[in-house]
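**Q** Compute the structure for the input listed below.
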Amino acid sequence: MASIGSMIEWDCEIFVPDVIRAMLNNGGFSEAVRALQRLRPAADVLGFGDLDGIDFAEIDAAASFLETLDVVPVVVGENDETEWKVVGSLEPRWISGNHEFDGAVKIIGKIRKIVKADRWYPLMSLPGQNLGSRADRRERERRGPASEEAQEHFLKGPLMVLDYLVIHT
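**A** Down below sits the predicted model:
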């Protein structure tokens, strides 16, 4: 059995959870909102559709919120041969090229934490996320998801939280 501080090498399928992908500060949503706002006067004049039903203040607030979040990429690894998963956050400056982090890879990492099968681990507790205080993050981990909808913000064990050293194809 692996323990905290151990190094692992594992062939697995990886992905970035949808909730993290949506919050990544890559400018996609914000750019779309800003482009829509710039095009609104021309769309009105040219009759390209009714934009009056769109609450631009609400959309702008959401874009501003996402721009100020300090979210880093999170990569989850799974393998059909076991229930175990791995998860870790990535420091954006060490990501080479334009990677999607999806598909079959080999990961090498150091085990930071082991989450038992009956426990939940909040994605926002990963190193580098800096969302909320340490006490808040620990409380979320103890409580688990408050509803079925909140489960997308958590991973269910068994799980190893890693410091990724290498992710390669």
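**Q** Can you check which strand is longest in the protein?
**A** Criterion DSSP state E: the longest strand present in the chain is strand 103-115.
**Q** Just the residues contacting the next helix or strand after that one, thanks.
**A** Per DSSP states H and E, the first helix or strand lying C-terminal to strand 103-115 is strand 120-122. With Cβ atoms under 8 Å, 6 or more residues apart in numbering as the test, strand 120-122 has contacts from 87, 113, 115, 137, 140-141, 144-145, 151, 153-157, 159, 161. For glycine as for every other residue, the C-beta is placed from the backbone atoms N, C-alpha and C.
**Q** Show me the shaky parts of this protein.
**A** Low-confidence segments of the chain (pLDDT under 70): 1, 25-30, 40, 43-44, 46-54, 56, 62-63, 65-70, 128, 130-132.
**Q** Which parts of it are strands?
**A** 7-15, 74-78, 85-89, 103-115, 120-122, 154-156, 159-168.
**Q** what comes into contact with the fourth one?
**A** Same thing as strand 103-115. For strand 103-115, the external contacting residues (Cβ under 8 Å, 6+ apart) are 2-14, 77, 86, 88, 121, 127, 155, 157-169.
**Q** how about the nearest residue to the most centrally placed residue in the chain, chain neighbours excluded?
**A** Centrality entry for the chain: nearest residue to the mean C-alpha point is residue 20, 2.2 Å, by Cα atoms, centre = their mean. Nearest residue to residue 20 in three dimensions, chain neighbours excluded: residue 74, at 4.5 Å (Cβ to Cβ, 6 or more residues apart in numbering).
**Q** How much space separates the one you found from residue 164?
**A** The spacing between residue 74 and residue 164, counted by Cβ to Cβ, to the nearest Å, is 10 Å.
**Q** Who has more neighbours out of the two?
**A** More crowded of residue 74 and residue 164, by other Cβ atoms under 10 Å: residue 74, with 24 against 19.
**Q** Contact partners for the closest residue to residue 108 other than its chain neighbours?
**A** With Cβ to Cβ, 6+ apart as the criterion, residue 108 has its nearest non-adjacent residue at 4.3 Å, and that residue is residue 166. Going by Cβ under 8 Å, 6+ apart, residue 166 touches 106, 107, 108, 109.
**Q** Using neighbour counts, give me the buried entries of these.
**A** Applying 16 or more other Cβ atoms under 10 Å to the contacts of residue 166, the neighbour count classes 107, 109 as buried.
**Q** OK, contacts around the closest residue in space to residue 84 that isn't next to it in sequence?
**A** Leaving aside its chain neighbours, residue 84 sits nearest to residue 158 (4.9 Å; criterion: Cβ to Cβ, 6+ apart). Residue 158 sits next to 83, 84, 85, 114, 115, 116, 117 when contact means Cβ under 8 Å, 6+ apart.
**Q** Cool, thanks, talk later.
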